[in-house]
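[1] The sequence isn't on hand, but the structure is:
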């Protein structure tokens, strides 16, 4: 066990954990942030996706030590009031069914949109290929990403 | 940062509510209470404050407090199918409640919440709408009439002059109104009307149009509480390891090998395995890897895919059959020779499948001297209650079942194995305990969709039209663990779904069944018997169409008389542009059936290059009676179509040395975004007299439509699944 400094959803924190403990379980068990989900433990399903210094990563295979001194954003940090364009689009298009994979889907989508303001279908295929959905909501996720891009563009235009 | 505050908040928001139900996803902490107006309406059903005001039950489904909070009860678990939105909406519609202000609670496990069709409380078999629609209409109408009588009495006017709207009772002649909360206490004292009158569809304001799901907001900011997210103060965590071989057991384990590892509290035997209990799940999981444990593989140690294949083959070629359907002359396949212009026979094979819910099996339990309380992602409340009562030797009323949201169900969470484990672990350590399965445990200890082997034989007339059909099915049981009363030594009705009640007009029909006993645990999985059976029937009908040199759509049309069937078939043909010639190299496949009381047809358009299958477009039409929420229905059918692509092309469970071979999603594969083509769903509404389910039906016709499209594109017929074993992948 050692003390590890990380910034989670804008808050600078010090957690005491085994350095090799996956970030997912530190978030869920030590920080009480249960939005990121356990699905496979092998970076195969994407349910645990969070942002580490802006990149979408699989927190189930990321030792917490790798997040030391870095910035982590989880689904809880996207926004609590559902104001992020991805959350707005997901709500508008009513994407989720069971919803278990959606925090990961949304974090991957948010990362894509941060890098490409207007992604093509191919961009979406590439960026979302690590997130699986057993309910099969992919058609709506695709629509919602395009919609989120529009919402973000309008918001950006206003600023 | 200490996690306790956060855990406590999650606990508070899932606290047991006044009526014994559990508030789920009621995520309203201070931050979210300030949500934007845009989402406030959608959140309102979950956002209503808990109240200490007098809360009058008008019946088991509806409570109205004196401060005007309308609480509607959802008997059905929420696993993504939208039941906790659509069914309370039925109550709200009839009541005349203000939908934006109602509060929704899950029911306790009690007789009023049983599915009236089979008098049993569960969520599954696509029965939430079909089973509860009429009951909830009646309950809503009954409560409405009671509120009206109470208001009319208060005003001294005739009840016939009053109506309800937006949570108020109105007196039409004078325009006076009273809030529901003002008259609820009086209304609760009025005897329920003998024959309450539901509203005609033409007056619906809430039903028949898309409502935003009540739990969606919580699913978008991480605050939704699934089983894995649930916590109670003082809770410990368990990681489990079950016998790798199906039917095996623990021979020995050495507690001392892990007891001194960080956080470990105990090592507890469970029915077919062992659980390491620790302060945190990660600690339990790590310690489990170091645990010295030996298993006895038991009676199935030599079971393999090859041994199973041989077992299926012997059964299909053998003579042990139960004749389960006879119509007309009911000629068997063997007897057809020489009696028809032509006889055609083919075999079809569907594979074992895992549920692979994204949320692995888990449950939290607290067993005390007073009883047992569980919280978890559960579909089978009543079976779970009775099983726990028997296991713990408690009267059933001492077992309380609380439901969280489900991260997928698909039938898996009707079973009780993981719930019993949590209860036994809690009892052993004397604390509330959550048992969580790793993905590997989940996949290797699933209770699988059984593989089936089938042979269909048809006698044709001079035009190639079938006048006799004989179907032989070999399948292990589907209902044995979830609804044992329906299963006999040699029959299981779920295995015959889609064959007993076909809409094709064929005079002579016969179905023979062999209930196969294997070492593989098998149970219900989305599509149940319909999946494999309709793959066989719709592939075979397609083969007959091509043999007759007929258009597969027209050939089916000629065999159908049922109006709903024809409308759905015509709709899918029209919307897919079936009559326009497909571009060169592009094949179109069609399939139709009625399953789970819904009529459904798919058209798949694809082309194949060196084993890479490019799916261009999928069109689907359904008639589920009346779609109470068209968007929820469409989402479900879209998702079911994607599920079907996985079952058709990729997903497969195999066995070796008594064990399941596949361990995780790299081996048991499901579709990705890039494999999902554009999918159009068209809803054909007929009548509320013929309501059907939409949760499971999506994959049923998709799979044969894919196989039929592959034939159209390549001239090769694929009769066994998954298609990956024929070298085909979605490209």
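    Here it is on my side, so go on. Not measured: the values here are computed from a predicted model.
[2] Quick check: phi and psi at the nearest residue to residue A:23 once chain neighbours are set aside.
    In space, and not counting its chain neighbours, residue A:23 is closest to residue A:59: 4.1 Å by Cβ to Cβ, 6 or more residues apart in numbering or on different chains. No exception for glycine: its C-beta is placed from N, CA and C like everyone else's. The phi and psi values for residue A:59, taken as degrees, to the nearest 10, are phi -70, psi -10.
[3] what comes up buried for the longest helix along chain B?
    As assigned by DSSP state H, the longest helix anywhere in chain B is helix B:128-155. By 16 or more other Cβ atoms under 10 Å in any protein chain shown, the buried positions in helix B:128-155 come out as B:128-133, B:135-152.
[4] do the same with stretch B:246-259
    B:246, B:247, B:248, B:250, B:253, B:258.
[5] Stretch A:147-159 now?
    Neighbour counts over stretch A:147-159 (16+ other Cβ under 10 Å) mark A:147, A:148, A:149, A:151, A:152 as buried.
[6] Now do the same contact list for the last one.
    For residue A:152, the residues meeting the contact criterion (Cβ atoms under 8 Å, 6 or more residues apart in numbering or on different chains) are A:85, A:113, A:117.
[7] Show the residue spans covered by the helices in chain A.
    A:23-25, A:75-78, A:85-92, A:102-115, A:121-128, A:138-158.
[8] In JSON lines, list those helices along with mean pLDDT.
    Shown next, in JSON lines, are the helices of chain A (pLDDT from 0 to 100):
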{"stretch": "helix A:23-25", "mean pLDDT": "98"}
{"stretch": "helix A:75-78", "mean pLDDT": "98"}
{"stretch": "helix A:85-92", "mean pLDDT": "98"}
{"stretch": "helix A:102-115", "mean pLDDT": "98"}
{"stretch": "helix A:121-128", "mean pLDDT": "98"}
{"stretch": "helix A:138-158", "mean pLDDT": "93"}
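[9] Now render the ones you listed as JSON lines, adding distance to residue B:530.
    Putting the helices of chain A into JSON lines (distance: least, Cβ to Cβ, whole Å) gives the following:
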{"stretch": "helix A:23-25", "distance to residue B:530": "37"}
{"stretch": "helix A:75-78", "distance to residue B:530": "36"}
{"stretch": "helix A:85-92", "distance to residue B:530": "31"}
{"stretch": "helix A:102-115", "distance to residue B:530": "28"}
{"stretch": "helix A:121-128", "distance to residue B:530": "31"}
{"stretch": "helix A:138-158", "distance to residue B:530": "23"}
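[10] Ranking the ones you listed by mean neighbour count, which comes first?
    Ranked by mean neighbour count, the helices of chain A are led by helix A:23-25 with a mean of 27 (mean count of other Cβ atoms under 10 Å in any protein chain shown).
[11] residues in contact with that helix?
    Taking Cβ under 8 Å, 6+ apart as the rule, helix A:23-25 contacts A:36, A:38, A:48, A:50, A:52, A:57, A:59-60, A:62-64, A:66-67, A:72, B:280-282.
[12] Please list all residues in contact with the residue in chain A positioned nearest to chain B.
    Closest approach between chain A and chain B, counting by Cβ to the nearest Cβ: residue A:35, at 2.2 Å. Residue A:35 makes contact with A:74, A:75, A:76, A:103, B:221, B:222, B:223 under the criterion Cβ under 8 Å, 6+ apart.
[13] mind redoing it with 10 Å?
    Shown in contact with residue A:35 (Cβ atoms under 10 Å, 6 or more residues apart in numbering or on different chains): A:9, A:27-28, A:48, A:50, A:74-78, A:102-104, A:106-107, B:219-224, B:229.
[14] tell me the phi and psi of it?
    Taking degrees, to the nearest 10 as the convention, residue A:35 sits at phi -70, psi -40.
[15] separation between it and residue A:55?
    18 Å (Cβ to Cβ, to the nearest Å).
[16] Next: residue B:336.
    Distance from residue B:336 to residue A:55, by Cβ to Cβ: 64 Å.
[17] Please identify which of these two sits among more neighbours.
    residue B:336 (21 against 11; other Cβ atoms under 10 Å in any protein chain shown).
[18] Ramachandran coordinates for that one?
    Backbone torsions of residue B:336, given as degrees, to the nearest 10, read phi -70, psi -30.
[19] any idea how far chain A is from it?
    Using Cβ to the nearest Cβ, to the nearest Å, residue B:336 is found at 40 Å from chain A.
[20] Residue B:708 too?
    Taken as Cβ to the nearest Cβ, the span from residue B:708 to chain A is 21 Å.
[21] again, but for residue B:543
    From residue B:543 to chain A the distance is 28 Å (Cβ to the nearest Cβ).
[22] got it, and residue B:439?
    Residue B:439 sits 5 Å away from chain A, going by Cβ to the nearest Cβ.
[23] What residue in chain B comes nearest to chain A?
    residue B:222 (2.2 Å).
[24] residue contacts, that residue?
    The contact partners of residue B:222, taken as Cβ under 10 Å, 6+ apart, are A:9, A:33-37, A:74-78, A:80, A:102-103, A:106-107, B:27, B:229.
[25] that older thread, and which of the buried residues of stretch A:147-159 is nearest residue B:436?
    residue A:148 (32.4 Å; Cβ to Cβ).
[26] which residues touch the residue positioned nearest the centre of chain A?
    For chain A, residue A:107 is the residue whose C-alpha lies nearest the centre (Cα atoms, centre = their mean; 2.3 Å). Residues near residue A:107 by Cβ under 10 Å, 6+ apart: A:35-36, A:46, A:48-51, A:56-57, A:59, A:73-75, A:77-78, A:86, A:131, B:222.
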